[in-house]
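Enquirer: I need the structure of the sequence given here:
(chains A and B)
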Amino acid sequence: AQKVTQAQTEISVVEKEDVTLDCVYETRDTTYYLFWYKQPPSGELVFLIRRNSFDEQNEISGRYSWNFQKSTSSFNFTITASQVVDSAVYFCALSEVKNRDDKIIFGKGTRLHILP
Amino acid sequence: AAGVIQSPRHLIKEKRETATLKCYPIPRHDTVYWYQQGPGQDPQFLISFYEKMQSDKGSIPDRFSAQQFSDYHSELNMSSLELGDSALYFCASSPGLAGVRRTDTQYFGPGTRLTVL
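Expert: Numbers count the residues shown, from 1 in each chain, chains lettered A, B, ... in the order given. Here you go, the predicted structure:
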């Protein structure tokens, strides 16, 4: 069965610090997608990144970077030089590609507080 | 760029009433998904449609039904509402490729916040 675990329920850091959000996933499939979504206090779900299971290259987008390691089934997300606007709940998610079943399974989320 | 549109954004209903939520996907997206997010919870998949046919079903109560119309918009109908149905309901859409089904990024709408009193 597919499962996404975000062990950190809540994290608080002071502005300008770096912070890493952990994500560990379980799946029996060899083909799958991993996602990160941001949910600010306003409630919408903002897509941040999608990574397929065959692409283990790390990715950097501005202050955001992602570390995908199949060997440890992890897909961690780092925010460098955090800002108050980064305060939100961040969801790691998994989607399998089989039998036309591509629903997204979300982790429980990590609530990130950036303190000024 | 156009995004997923959901209406209404907020809805208040009494127990045992019915509610209809609407979702308008991004243009040229042919797949629609519905998710339910309870307070402090992660979004849970309810149901999805591809080319107007139901393609997958999650933990959707029998009191709920949904469909996708010829213009690809979708409606989630909820009857005999219960207090526990109070949640944020997201619709997401993803693009097809010339009729070939593929898994692609799901873009979420802003959500409809349903409150059942």
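Enquirer: in the lowest-mean-pLDDT helix or strand in chain B, what counts as buried?
Expert: Across the helices and strands of chain B, mean confidence by mean pLDDT, DSSP states H and E is lowest for strand B:53-57: a mean of 87. The neighbour-count criterion (16 or more other C-beta atoms under 10 Å in any protein chain shown) identifies B:55-56 as the buried residues of strand B:53-57. Using the backbone N, CA and C atoms, a C-beta is placed for each residue, glycine as well.
Enquirer: how about the very next helix or strand once past it against chain A, any contact?
Expert: Using DSSP states H and E, the helix or strand that follows strand B:53-57 in sequence is strand B:64-68. No: residues of strand B:64-68 contacting chain A under C-beta under 8 Å from any C-beta of the partner chain: none, with a closest distance of 13.8 Å.
Enquirer: Note down every partner strand of strand B:64-68 and its orientation.
Expert: Here strand B:64-68 has these sheet partners by DSSP bridges: strand B:74-78 (antiparallel).
Enquirer: Give me the contacts around the strand it pairs with.
Expert: B:18-23, B:25, B:32, B:34, B:46-47, B:49, B:63-69, B:85, B:89, B:91, B:114 (C-beta atoms under 8 Å, 6 or more residues apart in numbering or on different chains).
Enquirer: For the closest residue in space to residue B:60 that isn't next to it in sequence, identify the helix or strand it belongs to.
Expert: Among residues not flanking residue B:60 along the chain, residue B:46 sits closest, at 4.3 Å (C-beta to C-beta, 6 or more residues apart in numbering or on different chains). Assigned by DSSP H and E, residue B:46 falls within strand B:44-50.
Enquirer: and that strand, which residues are buried?
Expert: Buried residues in strand B:44-50, defined by neighbour count with 16+ other C-beta under 10 Å: B:44-50.
Enquirer: what bits of the chain have low per-residue confidence?
Expert: As the question left the chain open, I've gone with chain A. Chain A contains residues with pLDDT under 70 at A:98-101.
Enquirer: actually chain B
Expert: Those would be B:96-104, if you go by pLDDT under 70 across chain B.
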